[in-house]
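**Q** Could you work out the structure for the sequence below:
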Amino acid sequence: MATIQQSMELLKEILGRGCTPEDQRRYHIEWTAYSQVKNGDPYDETPYCHANERYIYRETWERATWQKKIEG
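**A** As a prediction, the model looks like this:
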């Protein structure tokens with residue numbers, strides 16, 4: 001499994017290549033979740049109004065939390 005930093009670097013690379021606005025929004029949400037877990041910030045899905053965005057955030061938050069636990 002990739003580390004949080006590796007996952008963030010991959011997202012940065014994908015965003016740098018350019019993508020559709022929908023994909024860009026998704027990757028930005030994922031970036032936010034990874035950043036918050038990495039920094040130890042609390043879970044906060046309130047910025048996301050749509051159920052799909054909240055699901056993306058929640059799924060990524062959980063993945064990042066497991067990555068952080070594995071990393072130690």
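**Q** Please tell me how far the residue most central in space within the chain sits from residue 72.
**A** Nearest to the geometric centre of the chain sits residue 30, at 2.2 Å (Cα atoms, centre = their mean). To residue 72, residue 30 is 22 Å away according to Cβ to Cβ, to the nearest Å. Using the backbone N, CA and C atoms, a C-beta is placed for each residue, glycine as well.
**Q** for residue 23, same thing?
**A** Residue 23 is 32 Å from residue 72, by Cβ to Cβ.
**Q** thinking again about what came up before, surely the residue nearest to the centre of the chain touches residue 14?
**A** No: with contacts counted by Cβ atoms under 8 Å, residue 30 stays clear of residue 14, the gap being 9.5 Å.
**Q** quick revisit: what does the pLDDT read for the residue nearest to the centre of the chain?
**A** With respect to pLDDT, residue 30 scores 95.
**Q** quick one, helices of the chain?
**A** Ranges of helices in the chain, per DSSP state H, are 4-17, 21-39, 51-71.
**Q** quick one, which of those is nearest to residue 45?
**A** Nearest to residue 45 among those is helix 51-71; the distance by Cβ to Cβ comes to 4.8 Å.
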